[in-house]
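Chemist: Predicted structure and sequence below. I'll ask about it afterward.
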Amino acid sequence: MPHPIHDDDDWDKAEGWGDDGLGEEEATEPCPYCRRLIPEDTPRCPYCEMYISQEDAPPVRKPWWIILGALACLAVVYFWIVR
């Protein structure tokens, strides 16, 4: 008489053996930066923590030297006109 566990081909799937945690119903795509598979609808890669699209990325601050350079140029133009 065969053992009942070995007769059931779907036993491993029913118990979750070999499941990678993503599930078959969830679509995945590779991250454009680290190339690991991530869920399609995620705004940020859980591995490299980079934002997938520019719309989701936080605004980037201007470097201090660009602001300082713009102020210096405005000061030069102001003193050139006033003189």
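Modeler: The structure has been received and is ready for your questions. Fair warning: this is a prediction, and the values are worked out from it, not measured in the lab. Numbering: from 1, shown residues only.
Chemist: Helices of this structure, residue ranges please.
Modeler: 4-7, 11-15, 64-82 (DSSP state H).
Chemist: Report the helix or strand with the lowest average pLDDT across this structure.
Modeler: Among the helices and strands of the chain, helix 11-15 carries the lowest confidence by mean pLDDT, DSSP states H and E, at a mean of 50.
Chemist: so where's this structure uncertain?
Modeler: 1-25, 56-58 (pLDDT under 70).
Chemist: Let's see that with 90 instead.
Modeler: 1-27, 29, 32-33, 35, 40-44, 49-67, 82-83 (pLDDT under 90).
Chemist: quick one: contacts for I38?
Modeler: 28-31, 45-47, 52 (C-beta atoms under 8 Å, 6 or more residues apart in numbering). Where you see a C-beta, it was placed from the backbone N, CA and C, and this is true even at glycine.
Chemist: same thing but at 7 Å, please
Modeler: I38 makes contact with 28-29, 31, 45-46 under the criterion C-beta atoms under 7 Å, 6 or more residues apart in numbering.
Chemist: Dump the residues you listed into CSV; add neighbour count as well.
Modeler: Shown next, in CSV, are those (neighbours: other C-beta atoms under 10 Å):
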residue, neighbour count
T28, 13
E29, 12
C31, 18
C45, 19
P46, 10
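Chemist: from those, which two are the most distant?
Modeler: E29 and P46 (13.1 Å; C-beta to C-beta).
Chemist: can you pull the contacts of I52?
Modeler: With C-beta under 7 Å, 6+ apart, I52 has these contacts: 32, 42-45.
Chemist: Which member of those residues is positioned nearest I67?
Modeler: R44 (28.1 Å).
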